[in-house]
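Student: Predicted model and sequence follow; I will ask about them next.
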Amino acid sequence: MASRPSRSFYIPQEIEPKWQKVWAERGVMKADDGSPKPKFYDLVMYPYPSGDLTVGHLRNYVMGDVLARMKRMQGFEVLHPFGWDAFGLPAENAAMKRGGLHPRTWTLENIAKGKRELKIAGILYDWDREVISSEPDYYKWTQWLFLLMQERGLAYRAMAPVNWCPVDKTVLANEQVINGRCWRHPDVEVEKRDLEQWFLKITDYADRLLDDLKLLDKWPQKVRVMQTNWIGRSMGAEVDFPVDGHPDEMIRIYTTRPDTLFGATFMVLAPEHALVEKVTTEKHRARVREYVEQARKETEIERLSTERDKTGVATGGFAINPMNGEKIPIWVADYVLVTYGTGAIMAVPAHDERDFEFAGRYDLPIRHVIAAPGENAVLREAYEGPGVLVNSGPFNGLESSVAFEKICDWLESAGIGKRSVKYRLRDWLISRQRYWGAPIPVAGGAAGRVQAAAGGRVVRQHEVPQMRARRAARDGHDGHVHRLVVVLPALRQPA
C-alpha cells in the first residue's frame, strides 16, 4: 500500500500557534544586556492606540520583524522592543464619542487588542520592555526631563496668540489650520486667542543647530539648505522709534539693513502688537479693530504668502525717525508677524519689495537712499542690493557695508539702538493637548507664579477632572488644564 504523501500546504491556524508557543517559551526575542554578542537595536515606530491597528501598521512591523530575525541569525544580540505612543487628542475625542468613556480606558482596551493582533501575526518583540507613554511609570521620566529643562531656564510660560479650535477646545499648529478651518473639522472656523502657553527655549540652541549642519556631510544639500533657512540667522540692529504724542512709548524694530534707516517713510505694526490700540486715534479706531479681527483669523502661512496683495490700515498715529527727526505714519498690516523680530518694522519702500508694493498700493512716499551702480533716477521696483548711501545726512557717500557699521556705532553711542542677531526659528510651543497628555509637573502659585510645590507628588491623569472644573470656573474654558499639576520631588532623581 502506497504511503500517503506529506502535506505541503500552509494552514496558519495550525502552524502559527504551535511555533508562536515555542518562540514564547524559548524567549527568542528577549534581549540580554550582558550578552557578549555584538548588539543590534531594531526600533520601529510606536503606534497611536486611538483606534484599531491597520494593514499599514502591519506592513511596517513585518519589515522590522524580518530585520530583527535576520540579525539574530547573523549572530547579533537583538533588542527589538515595542510600545505605544498613547497620549493625544484623537484618543480623547474617540473616547468622548463613546458615551464619555475615559480616554485611559479606551486607550488600554486598544492596546490589549493591538498586542493580541501583533502576536497572532507572529511578530516577535521583547514584551518585557513594552512602554505605554500614558502610564505614570513612563511619563514620570517626561516630567523629570521637563523639570530639568525648567531648572536650566529652557522651559517657561508666556502669553501668545494661538490657533484655537472651538470644537476640540485646544490649540492647533499652523499646519493644522487649512483655509482658516480646523483640519479635523473642515466646517469649523479657527479662532485666534491670546493664551498663556508653555514653551521650550530651542532658540538657545539656534547657533549650534546651524553650525553643526556642516557635520552632516552625507545629508542632501537641499535638506541642509532648508534647515539653514528654517533656523534663519540674521545680523542687524534693534532701533527705538519714539511715538509722537506718547513720550513714554517707543516702537522697537529690528532691521538687517540699518544702512537704509534714512529711507524709512512709514512704520508697520503687526495686528497683534501691544501698541496698536494706544497709537490708534479715535477717528481710525473702528476700522483698525475690524482689520485686526480679520487678520487674526488668517494663518501665518497665508499672511506671508507672496501671491496675495498686501493690505493694511492707517492708525492715525505717527512715529519719529530717530535718524532725522521726521514724523512718519504708523500703519497696521498683516504681512508683519508679532512672532518674528519685534512685531514692528520700519518700512523702506525704495529698498524692500514688500514695502514697495505696499507703498504703491496706498500712495505712501518712497525715498531712495542706496544708489546702485548705473541706477536710473526713477525707481520702478525696490532695489535691495548694496550700494552707496544718498539722502542719508552725514553718512552720504559711504558704501553699504561700511555704513552698516558706522550707523550701528552711532545708534549705540546715542542709546537708541544696538547690534542684534535674530532667528526665524522660534521657541517650541508645547501646550497643544487638552486633557489626555503628559502632565507638566508644576503648579500655579500666588499671583499666578509658576512654582514647584514643596512636598508635592505626581498628579495622575484621573485626578485632572477636578482641576478642569476649577480652571473652567476661573477662565471660562477648560483648555490646558493638565498643565496645572504638582511636582514630585523624587522626580529630580528618579529611581
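Tutor: Alright, I've got the coordinates.

Student: what's the burial count for the closest residue to Tyr340 other than its chain neighbours?
Tutor: Across the structure, with CB to CB, 6 or more residues apart in numbering as the measure, the residue nearest Tyr340 apart from its sequence neighbours is Arg424 (6.8 Å). From N, CA and C alone the C-beta is placed, and that goes for glycine too. As a burial measure, Arg424 scores 14 neighbours (other CB atoms under 10 Å).

Student: Pretty sure Arg424 sits against Ile231.
Tutor: Yes - between Arg424 and Ile231 there is a contact at 6.6 Å, judged by CB atoms under 8 Å.

Student: Mutual contacts of these two, please.
Tutor: When contacts are counted by CB atoms under 8 Å, 6 or more residues apart in numbering, Arg424 and Ile231 are jointly contacted by no residue.

Student: follow-up on the earlier one: which residues touch the residue nearest to Tyr340?
Tutor: 229-232, 234, 340.

Student: Next, give phi and psi for it.
Tutor: Torsion angles at Arg424 (phi, psi; degrees, to the nearest 10) stand at phi -70, psi -30.

Student: Of the contacts of Arg424, select the buried ones using a ChimeraX command.
Tutor: Those of the contacts of Arg424 that count as buried under 16 or more other CB atoms under 10 Å are selected in ChimeraX with:
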select :231,340
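
Student: Next step: the contacts of Arg424 restricted to strands.
Tutor: Assignment to strands by DSSP state E places the following of the contacts of Arg424 there: Ser234.

Student: Tabulate the contacts of Arg424 (CSV), appending distance to Val276 and pLDDT.
Tutor: Converted to CSV, the contacts of Arg424 look like this (distance: CB to CB, whole Å; pLDDT from 0 to 100):
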residue, distance to Val276, pLDDT
Asn229, 30, 92
Trp230, 29, 90
Ile231, 29, 93
Gly232, 25, 90
Ser234, 25, 92
Tyr340, 16, 78
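
Student: Off-centre distance for the helix or strand where Arg289 lies?
Tutor: Using DSSP states H and E, Arg289 falls within helix 282-295. The chain centre lies 29 Å from the centre of helix 282-295; the measure is CA atoms, centre = their mean, to the nearest Å.

Student: now do stretch 145-153
Tutor: Between the centre of stretch 145-153 and the centre of its host chain there is 18 Å, according to CA atoms, centre = their mean.

Student: Likewise for stretch 154-168?
Tutor: Averaging C-alpha positions (CA atoms, centre = their mean) puts stretch 154-168 11 Å from its chain's average.

Student: Check stretch 391-403 too.
Tutor: Taking CA atoms, centre = their mean, one finds the center of stretch 391-403 at 40 Å from the center of the full chain.

Student: Contacts for it next, please.
Tutor: Stretch 391-403 is touched from outside by 258-259, 261-263, 323-324, 367-370, 386-390, 406-407, with contacts defined as CB under 8 Å, 6+ apart.

Student: what does the average pLDDT come to for the helix holding Arg289?
Tutor: Averaging pLDDT along helix 282-295 yields 94.

Student: so where do the strands sit in the stretch 151-300 of the chain?
Tutor: Along the stretch 151-300 of the chain, the segments classed as strands by DSSP state E, counting those that start in this stretch run 155-165, 170-172, 177-178, 181-182, 191-200, 233-243, 246-255, 266-269.

Student: ok, and which of these has the densest surroundings?
Tutor: Across those, the average number of neighbours (mean count of other CB atoms under 10 Å) peaks for strand 266-269, which reaches a mean of 26.

Student: tell me the contacts of the spatially most central residue of the chain?
Tutor: For the chain, the residue sitting closest to the mean C-alpha position, by CA atoms, centre = their mean, is Trp428 at 4.4 Å. Taking CB under 8 Å, 6+ apart, we find Trp428 in contact with 199-200, 202.

Student: From Tyr156, how far off is it?
Tutor: Distance, Trp428 to Tyr156, by CB to CB, to the nearest Å: 11 Å.

Student: per-residue confidence at Gly34?
Tutor: According to the prediction, Gly34 has pLDDT 94.

Student: Which secondary structure state does it sit in?
Tutor: coil (DSSP: H, G, I helix; E, B strand; the rest coil).

Student: With Glu77 as the reference, measure out to it.
Tutor: Here the criterion is CB to CB. By it, Gly34 lies 9 Å from Glu77.
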